[in-house]
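A.B. asks: Show me the folded form of this:
(chains A and B)
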Amino acid sequence: MSEAISVHPGAGHAVHHDGHGHHHQSFVSKYIFSQDHKTIAKQFLITGIIWAIIGGLFSVLFRLQLGYPEQSFPILETFFGNWAKGGQIQPEFYYALITMHGTVLVFFVLTAGLSGTFANFLIPLQVGARDMASPFLNMLSYWFFFLASVIMLASLFISTGPASGGWTIYPPLSALGQASSGSIRGMDFWLISMAMFIVSSLLGGINYITTILNMRTKGMSMTRLPLTIWALFFTAVLGVLSFPVLLSGAILLLFDRNLGTSFFLSDIVVNGEILPNEGGSAILFQHLFWFLGHPEVYIILLPAMGMVSEILSVNSRKPIFGYMAMLGSLFAITILAFLVWAHHMFVTGLNPFLGSIFVLLTLLIAVPSAIKVFNWLTTLWRGNIRFTPATLFAIGFVSLFISGGLTGIFLGNSTIDIHLHDTMFVVAHFHIVMGVASMFGMFAGIYHWFPKMFGRYLNNTLGYIHFWVTMIGAYLIFWPMHYQGLAGIPRRYLDKRGWVSFNDFPELDKMITIVSIIVFAVQLMFVFNFFYSIFKGRKVRNKNPWGANTLEWTTPLRPGHGNWDGEIPEVHRWAYDYGKDGREFIPQTEEIGENESKH
Amino acid sequence: MQTFFIVAILALGFLITFQIAKASEYVAVLRGEEKSRKQANKVNAFMLLAFLIIGLIGVYYCNEQLKGKILGEPASDHGVLIDRMLYITIALTGIVFVVTQVALFWFSYKYQESDNRKAFFYPHNNKLELIWTVIPAITLTVLVGFGLFYWFKITGEAPKDAMHVEVVGKQFGWEFRYPGKDGILGKKYFKNIDPANNNPVGQIWEDPANHDDIFMEQEMHLVVNKPVKLIIGAKDVIHDVGLAHFRMKMDAVPGTPTTMWFTPKYTTKQMAEKTGKANFTYEISCDQMCGQGHWSMRGVIVVETQEEFDAWIAGKKPQYLVANPDKDPSVAKPDSVKAVAAVIK
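C.D. replies: Numbering: from 1, shown residues only, chains lettered A, B, ... in the order given. Next comes the predicted model:
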């Protein structure tokens, strides 16, 4: 197999050094400081999987506390010492767990792990490029992420604990060590780690945008791009425009913490100590945070939507219904994503008139979302559907996106949000629509492109078990949780026994805990399947195992750096000619026939 | 020991599942991969249909089990509006939920792979797409319309005769200040806060409006059917005044006062009768993450009749007099106390 040793992407697609193995890459340059987008994608994926296990484990721990607040688990004390004194999860520990769970899952798994993996892997392969526009920046992007990971991981081991003010890190809580032990040093680690993370995400994003715009192969016009690429494109745009705002917020917060400034602090008496700060605004931080925080939701969701569109189309052997409408709705979601952030702040004392505008813009997002759902449904309609594990996860995604999207209509309407804000209803809502749904998109992507990544298949039976347990489990965990929210139970309450109004659901909490442990165990099984199959899985013998049209399936079974051995293929059609003129599929590389029907 | 067993059982289950999964790959090779793939396809299609049916029954069952545990009748006028909006939204989204989920799983089942069918090449249909752009748009307009109508009612100006109460959140409890007879809350400044000298909210004693303000902790009293406006603040970090029974909520932000108003509809006693819970309590929960005691930051509201309220507040001494006992006319002057004591001796 030819091993391309260097690539000059700027010079266009025709240039390809074919170093036929004359220059052997060392282990370090091939697997560690690699500039091959496929290797970088795998690095993002594997780092993301490790973080997912850690973040998932955190959720199991705090679910134990929620389900069994009265019970002591001596084993926890063995592992965590004073953090779980007497086998009871201590409040500081509980809050550190939920904070890290949120941070890790939102940023490290569903942003870096999802976009990082699939943007890197799919963009050059599907647009027909030998690598990213700047492979070096791409490598840096991973290593900044790695650095961010190391710092965040280190923060788990400092004596005063990691950040514990919630993943939204609202000051003053996150600014004052006197108010929360996690804010003594853990918060500095958190902020520095996030700064590194943002650099990583910007380097990646700029690269993705540039590659998609400049490095498409001949014939690959923008409207012939698969929807995965469009989704990843808008994701990158969202990230590049919104992450810097969080960075500025993080830096101002670092100043407030360490240099005595008062951007977010005013009129504070904490633990009997009167602080000198006056004139700052705690709410300002929330604006800065949510200006990223809301687009972030779509940064997480859009790649999943793109992959689901592709996978549903391939496996129902039908074109995606309404390609242009799908594109338009992606665009609309991207624009609206920037204009709705204050719906997280309806009860902060926001001017009610301003609130009303955010209600309107927020509920407007439901229109493009509805278009997407109906188009997915029509894609399945009269198809010839093959239920690979990827297809099942894609169908699961649509189901969860519907359920979670509809509860978003409750929360986006400020009147209802007064009651439901910061209750378990919100937890249920965003876990279904953003957390689990995107995770499903990610699983679908992994099952679908694993053969291209590693030249082997994942075990199907384990895949089916994985899907069914996760799907049933997700609904069992999060559906009844809405009722806790309707009953007004606030988020982040680790023990409700002291309350008259909130103590009606102990059995439900136990059930949720048990189900989440089972679901977590099944995820471990998936991880095992993943690593086992990399080395021992069934080998792929067919270049195009799913009968798909897109370009990545025209590469060799195990493509080297540079992706195609010879010339990059030319593209003659869109990616969705499935079932056209009685033919099962027509790859993008096939020229339009003379008698071919138009559409 | 128990933990050991659980781990062992999990590991064993893991191992068995994996072996079965591995074996199924070999079986597939023996039987012909295409054949076993088609069989798996049938099984999964059937499972999807079963999931839909059992899922919908589950949704109904879940509602039957839990509907009695959500809060019941709203205890404020605004709560009535909020619940109405909630039910309108549940009805509309409920219809959409059932229709789309049924379509999703039914299509999946119905159009499972079959040798007798060719997929229908159907790339787009502008009319259809227009329909499902317009219908959600209209539905959402209705929801936004109702929502904002109620929103402006709820967030509008409080009535002139509303009672004013200041609520201050701190780690981890609630403080309240009543304006006293003059109806005006005196000025305060955070650097004056000095609980050791009986000035927990930082009142400025020079302001005469402060002289009759009454301070108390953890328990707030309100009058039934009388609008109340809460002036909300916080001392240290952001808290949130969560009043689940009244369906009201507002952040308490250090440095930025916020307000909300509502009218309690039932006294605590009436609610106890309505809900059938003898220990019914209007609770104030902190709904914004505020540190390690967040989950236990509980306050209590007692809603009572005007007479009960008047009797209750009459027994309270203004904080000004607590902090400056020498200004208290009801306390005998120290000199005369001595004189009286001398006489008794």
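
A.B. asks: make it CA atoms for all contacts and neighbour counts henceforth
C.D. replies: OK.

A.B. asks: Would you map the helices across the stretch 151-300 of chain A?
C.D. replies: Shown for the stretch 151-300 of chain A, the helices assigned by DSSP state H, counting those that start in this stretch span residues A:186-214, A:227-258, A:282-316.

A.B. asks: Highest mean neighbour count out of those helices?
C.D. replies: Highest mean neighbour count of these: helix A:282-316, a mean of 25 (counted as mean count of other C-alpha atoms under 10 Å in any protein chain shown).

A.B. asks: tell me which element the residue nearest to A:Leu360 when sequence neighbours are not counted is part of?
C.D. replies: Counting by C-alpha to C-alpha, 6 or more residues apart in numbering or on different chains, A:Leu360 lies nearest to B:Val144, which is 6.4 Å off, once chain neighbours are set aside. Under the criterion of DSSP states H and E, B:Val144 resides in helix B:126-155.

A.B. asks: Name the residues of that helix that are buried.
C.D. replies: B:129, B:132-133, B:136-137, B:140, B:143-144, B:146-148, B:150-152, B:154-155 (16 or more other C-alpha atoms under 10 Å in any protein chain shown).

A.B. asks: Determine whether any part of stretch B:191-211 lies close to chain A.
C.D. replies: Yes - counting by C-alpha under 8 Å from any C-alpha of the partner chain, contacts between stretch B:191-211 and chain A involve B:191, B:193-194.

A.B. asks: which one of those residues has the most neighbours?
C.D. replies: Taking other C-alpha atoms under 10 Å in any protein chain shown as the neighbour criterion, B:Ile193 ranks highest of the residues of stretch B:191-211 next to chain A with 22 neighbours.

A.B. asks: wait, what's in contact with that one?
C.D. replies: A:269, A:274, B:199-203 (C-alpha atoms under 8 Å, 6 or more residues apart in numbering or on different chains).

A.B. asks: let's see 6 Å
C.D. replies: Contacts for B:Ile193 (C-alpha atoms under 6 Å, 6 or more residues apart in numbering or on different chains) come out as B:199-202.

A.B. asks: Of the residues of stretch B:191-211 next to chain A, which is the nearest to chain A?
C.D. replies: Set against chain A, the nearest of those by C-alpha to the nearest C-alpha is B:Lys191 (6.3 Å).

A.B. asks: Quick check on the closest one: phi, psi?
C.D. replies: The phi/psi pair for B:Lys191 (degrees, to the nearest 10) reads phi -70, psi -10.

A.B. asks: can you count the residues close to B:Tyr26?
C.D. replies: Neighbour tally, B:Tyr26, other C-alpha under 10 Å: 12.

A.B. asks: any idea how far chain A is from it?
C.D. replies: Distance of B:Tyr26 to chain A, computed by C-alpha to the nearest C-alpha, to the nearest Å: 10 Å.

A.B. asks: Excluding chain neighbours, what is closest to the residue of the stretch 201-345 of chain B found nearest chain A?
C.D. replies: Closest residue of the stretch 201-345 of chain B to chain A, C-alpha to the nearest C-alpha: B:Trp295 (4.4 Å). Leaving aside its chain neighbours, B:Trp295 sits nearest to A:Tyr493 (4.4 Å; criterion: C-alpha to C-alpha, 6+ apart).

A.B. asks: where does the stretch 1-150 of chain B have low pLDDT?
C.D. replies: Applying pLDDT under 70 to the stretch 1-150 of chain B picks out residues B:1.

A.B. asks: Regarding the residue nearest to B:Trp295, what is its secondary structure?
C.D. replies: The three-state label given to A:Tyr493 by DSSP: H, G, I helix; E, B strand; the rest coil is coil.

A.B. asks: any chance you could read off phi and psi for it?
C.D. replies: phi -100, psi 120.

A.B. asks: Look up the pLDDT of it for me, please.
C.D. replies: Predicted confidence (pLDDT) for A:Tyr493: 95.

A.B. asks: Count residues in the vicinity of it, would you?
C.D. replies: A:Tyr493: 23 neighbours (other C-alpha under 10 Å).

A.B. asks: B:Gly173 versus that one, what's the distance?
C.D. replies: In this structure, A:Tyr493 and B:Gly173 are 15 Å apart, going by C-alpha to C-alpha, to the nearest Å.

A.B. asks: A:Ala52 too?
C.D. replies: A:Ala52 is 36 Å from B:Gly173, by C-alpha to C-alpha.

A.B. asks: What is the burial count for A:Ser141?
C.D. replies: Neighbours of A:Ser141 (other C-alpha under 10 Å): 27.

A.B. asks: follow-up on the earlier one: the residue of the stretch 201-345 of chain B closest to chain A and A:Lys496 touch, don't they?
C.D. replies: No - in this structure B:Trp295 lies outside contact range of A:Lys496 using C-alpha atoms under 6 Å: 7.4 Å.

A.B. asks: So between those two, which is more surrounded?
C.D. replies: B:Trp295 (24 against 19).
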